[in-house]
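*Asks:* Provided below for reference: sequence and predicted model.
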Amino acid sequence: MQNNKDKRPCKKLKVNFTYKKPTDDELRNLIDSSRCKNTDYSTSNWIRALEKFRTDINYQGLIEEVDTKEELEDQLCRFVHAMRKKMVLNIMFLQLIVACLQ
């Protein structure tokens, strides 16, 4: 026996709604409420480790001040190499660092 629900025509949803452009504050609240605090904490830890590495190696300035993609890639590769000696890196953390620095 076939289910009669499958043979009924679909009713179209009638939308009587006017879209409004969200304010900057509304967007900021949405972005802030969707952020995971643990991800922010983890990212901060990795950034601190990266900045400590850069200080120990005598790189000048902050990572955000690196001018070229090639220099950023070089410094991040050297950082990963140094960190591999201390611990096994999870590739997701590395991708997170790179994404935050772009």
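*Replies:* Arrived safely. Numbering: from 1, shown residues only.
*Asks:* what's residue 46 in contact with, if anything?
*Replies:* Residue 46 makes contact with 93, 96, 97 under the criterion Cβ atoms under 8 Å, 6 or more residues apart in numbering. Heads up, the C-betas are built off the backbone N, CA and C, glycines and all.
*Asks:* how about 7 Å then?
*Replies:* Neighbouring residues of residue 46 by Cβ atoms under 7 Å, 6 or more residues apart in numbering: 93, 97.
*Asks:* And it, its phi and psi?
*Replies:* phi -70, psi -40 (degrees, to the nearest 10).
*Asks:* How about the helix or strand bottoming out on mean pLDDT in the chain, which residues are buried there?
*Replies:* In the chain, the helix or strand scored least confidently by mean pLDDT, DSSP states H and E is helix 91-101, which has a mean of 72. Buried positions in helix 91-101, judged by neighbour count with 16 or more other Cβ atoms under 10 Å: 97, 100.
*Asks:* contact partners of it?
*Replies:* Contacts for helix 91-101 (Cβ under 7 Å, 6+ apart): 43, 46, 50, 63, 72, 76, 80.
*Asks:* Quick check: of these, which has the highest neighbour count?
*Replies:* Greatest neighbour count in the contacts of helix 91-101, by other Cβ atoms under 10 Å, goes to residue 50: 21 neighbours.
*Asks:* where does the chain have low pLDDT?
*Replies:* The model of the chain has pLDDT under 70 over residues 1-11, 13, 15, 87-92, 102.
*Asks:* May I see the buried residues of stretch 17-30?
*Replies:* Buried-residue list, stretch 17-30, by 16+ other Cβ under 10 Å: empty.
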